[in-house]
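1. sequence plus predicted model, see below.
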Amino acid sequence: MPGVSWTASAAQGNISPEYFSLYVALALMNMRRDSRFFSTSMGLLVLIVLLATSAGPVQGGDVFQCPDGKGGVVLRDVPCSVPAPDKQPPVQTSSPDEPSRPRKEAAPPSPKRATSPPLQTSEPRSSNCLSVQSVKAHTQRHDQLAVELAWEVAVQNRCKQAASAVLTFTIYGSRNLALDAESTKIVVSADGIGTIHGIMRVSREKMRRMSKYDAKLSVL
């Protein structure tokens with residue numbers, strides 16, 4: 001049928017709109033003559049018009065019906081798959097006059113200083129704290145073999161803490177010859193004076209030879 005092939009060509013967009021309008025007018029005149037095929041021809045004609053307007057190639061000046069997202073239709077001059085110019089995100093360009101700001105570099109963490117151990121003050125030596133203030137001795141009892149010599153020594157502590165030492169009481173003969181000695185450990189309180197007592201048993205021979213006595217301190 002010649003009219004059908006021409007209609008397909010019109011639907012594919014191969015003819016101009018002027019010829020297509022002329023074809024539609026002629027088709028309407030033929031349909032009026034034959035009323036039996038009027039309703040069928042009208043449906044076919046509407047289908048052809050829709051195919052011609054929607055399936056045709058995209059050309060300049062075409063109008064597209066695109067959904068607006070709210071249940072309606074909006075007319076656009078570009079395909080629906082292309083985003084609208086007003087909805088495209090603006091391109092942010094930096095101003096040529098605005099200098100680029102350098103990034104701030106993170107400052108390296110400051111090294112932690114090693115904590116030094118607390119200073120330990122050295123304790124004063126007993127020889128620097130203690131000193132002999134006085135030495136006394138006298139005979140107390142005696143028998144045929146020996147004599148008991150009682151002695152007394154006063155020791156001073158000049159430090160702010162107690163100090164200890166060894167006290168040695170010694171008797172001498174001529175030419176500073178040590179005849180006999182006795183030692184004892186002592187502790188003297190801070191800023192104090194301690195009196196140390198002792199009894200030495202000395203033979204009668206050494207007592208005759210004794211010329212002096214003395215006391216000395218030594219560090220532990």
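-> Received the coordinates, thanks.
2. strands along the protein, start to end?
-> Secondary structure of the chain (DSSP state E): strands at 64-67, 73-76, 130-142, 146-157, 163-172, 178-188, 193-203, 212-218.
3. what pairs with the fifth one, parallel or antiparallel?
-> Same thing as strand 163-172. strand 178-188 (antiparallel), strand 212-218 (antiparallel) (DSSP bridges).
4. the ones you listed into JSON lines, with extra columns for distance to His197 and mean pLDDT?
-> In this view, the C-beta of every residue, glycine as well, is placed from N, C-alpha and C. Output for the strands paired with strand 163-172, formatted as JSON lines (distance: least, CB to CB, whole Å; pLDDT from 0 to 100):
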{"stretch": "strand 178-188", "distance to His197": "10", "mean pLDDT": "95"}
{"stretch": "strand 212-218", "distance to His197": "12", "mean pLDDT": "95"}
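5. okay if I get the ones you listed as CSV plus distance to Val73 and mean neighbour count?
-> Output for the strands paired with strand 163-172, formatted as CSV (distance: least, CB to CB, whole Å; neighbours: other CB atoms under 10 Å):
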stretch, distance to Val73, mean neighbour count
strand 178-188, 112, 16
strand 212-218, 118, 16
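6. okay, those strands in CSV with distance to Lys160 next?
-> Rendered in CSV, the data for those read as follows (distance: least, CB to CB, whole Å):
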stretch, distance to Lys160
strand 178-188, 12
strand 212-218, 19
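7. may I ask which helix or strand of this protein has the lowest mean pLDDT?
-> In the chain, the helix or strand scored least confidently by mean pLDDT, DSSP states H and E is helix 2-11, which has a mean of 47.
8. tell me the bridge partners for the residue nearest to Gln65 when sequence neighbours are not counted.
-> Leaving aside its chain neighbours, Gln65 sits nearest to Val73 (4.9 Å; criterion: CB to CB, 6 or more residues apart in numbering). On the basis of DSSP bridges, Val73 is bridged to Pro67.
9. report the separation between Val73 and Pro79.
-> Remark: distance between Val73 and Pro79 (CB to CB, to the nearest Å) = 14 Å.
10. with Lys206 instead?
-> From Lys206 to Pro79 the distance is 136 Å (CB to CB).
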